[in-house]
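In: Dropping the sequence and predicted coords here.
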Amino acid sequence: MLAVVKDKKGLGYTIKEVEIPRPKDDEVLIKIKAVGICGTDVPILKGIRDVPIPLIPGHEFAGDIVEVGSKVKDFKVGDRVTPAIVIGCGHCYFCRKGLETLCDNIIETGIHVDGAFAEYVTVPEKVVHRLPDNMTYEQGASIDPIASAYHPVKMASIGSEDIVVVFGPGPIGLYAIQIAKAEGAKKIISVGVKGDEDRLELAKKLGADETIISSEKLLEDISKFTHGRMADIVFEATGHPSVFEMALSSARKHGTVVMIGIFHEPATANIAQIVRREIQIKGSLCYTWQDYKECIDLVEAGKVRIEPMISHIFDLKDMDKALEVIDERKAIKIILHP
Ligand SMILES: [Zn+2]
Ligand SMILES: [Zn+2]
């Protein structure tokens, strides 16, 4: 089968023929129909994030089951499915508490074991979800980023009086806006930087009430949109260390800041305001099996729109072209067809 293989440290990867994987007893073999490129995949392919070598990355996908292991009970050949990324061990302290993203023995498809930038992939039955009949493979491949936005939004427990600020109009930020809207937020403010004009336009279409291009008067703008009180809930979805201080300052007294983006360098901020203004900071990593299930339901109910998010569709073999589009900041979500 054709696969994109991260086969060396540092920059670069190879698109080549490799063996089709065999499912273990508790696994299913999936023929991949659509796979999205995630913000996590780019640093892996570029060698910025360390992974075991060789590795086939890719974890946002949907496809058809074409073979099942001998102990698989709930799925059969022909089922249309989308698997969640996290493979928890099921028996550590955190798994038993329902916090499988914090599993002591975590395995993530496409990060620790071979993933979906290929024609076929194997995953354990326990992470697989069935696609509703009316859901496309492209929608199925989008449940992962939706769930990554759903987990933090759920964590923030948005109330009907809450004004929400979302830093970063990338896929996670844009899905967070849609979900915050569905959860009944009173007002949503989307914050981007110069060059994000199109994304902020899209943020408006998807439910943002106000958009801001970040400048030295950012806090003034947020103050204006919140009648001087500042935001009840702030989501940090840029992964950029310089945003941390702004995210704290954008929150009202006793407001909540949920960190979603992964910073690759330490951030500096005036920590005293966390105490003086009782800022509540939470971290959100990935999503649980339950979140994934609930996101499939949200999409089925039409509460989250996926089509406006998919900016490009390429063949898997055109990964180079896809990465160029990402580097030029022209992409929102790219879906590949193996
Ligand atoms: Zn992802
Ligand atoms: Zn575990």
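Out: Received the coordinates, thanks. Ligands and ions are numbered 1, 2, ... in the order given.
In: tell me the mean pLDDT for the lengthiest helix in the chain?
Out: When the chain is parsed with DSSP state H, its longest helix is helix 143-156. For helix 143-156, the mean per-residue pLDDT is 98.
In: now stretch 196-205
Out: Summarised as a single mean, pLDDT over stretch 196-205 is 97.
In: what comes up buried for it?
Out: Residues of stretch 196-205 classed as buried: 196, 199-200, 202-203 (neighbour count, 16 or more other CB atoms under 10 Å). For glycine as for every other residue, the C-beta is placed from the backbone atoms N, C-alpha and C.
In: so can I have JSON lines of those residues showing distance to ligand 2?
Out: Formatted as JSON lines, those follow (distance: CB to the ion, whole Å):
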{"residue": "Asp196", "distance to ligand 2": "38"}
{"residue": "Arg199", "distance to ligand 2": "36"}
{"residue": "Leu200", "distance to ligand 2": "39"}
{"residue": "Leu202", "distance to ligand 2": "37"}
{"residue": "Ala203", "distance to ligand 2": "36"}
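In: Which of these fall in helices?
Out: Reading helices off the buried residues of stretch 196-205 with DSSP H, I get 199-200, 202-203.
In: Which two of the residues you listed have the greatest separation?
Out: By the measure CB to CB, Leu200 and Leu202 form the most distant pair in those, at 7.2 Å.
In: where do the contact lists of these two overlap?
Out: Counting by CB atoms under 8 Å, 6 or more residues apart in numbering, the residues touching both Leu200 and Leu202 are Pro169.
In: Now do the contacts for the residue nearest the centre of the chain.
Out: Per CA atoms, centre = their mean, the C-alpha nearest to the average position across the chain is that of Pro145, at 3.0 Å. Counting by CB under 8 Å, 6+ apart, Pro145 touches 36, 38, 60, 171-172, 175, 333.
In: nearest to ligand 1, of those residues?
Out: Proximity of those to ligand 1 (CB to the ion) peaks at Cys38, which lies at 3.0 Å.
In: Relative to Lys181, how far out is that closest one?
Out: 23 Å (CB to CB, to the nearest Å).
In: likewise Ile158?
Out: The gap separating Ile158 from Lys181 is 9 Å, by CB to CB.
In: out of the two, which sits in the busier spot?
Out: Ile158 (23 against 19; other CB atoms under 10 Å).
In: ok, that one - contacts?
Out: Here Ile158 is in contact with 164, 180, 183-185, 233 (CB under 8 Å, 6+ apart).
In: And the next helix or strand past the longest helix of the chain?
Out: Counting by DSSP states H and E, the next helix or strand C-terminal to helix 143-156 is strand 163-167.
In: Now Ile111: closest residue in space that isn't a chain neighbour?
Out: In this structure, Ile111 finds its nearest non-sequential neighbour in Val51, 6.1 Å apart by CB to CB, 6 or more residues apart in numbering.
In: Correct me if wrong: the one you found contacts Asp7.
Out: No: using CB atoms under 8 Å, Val51 is not in contact with Asp7, being 10.9 Å away.
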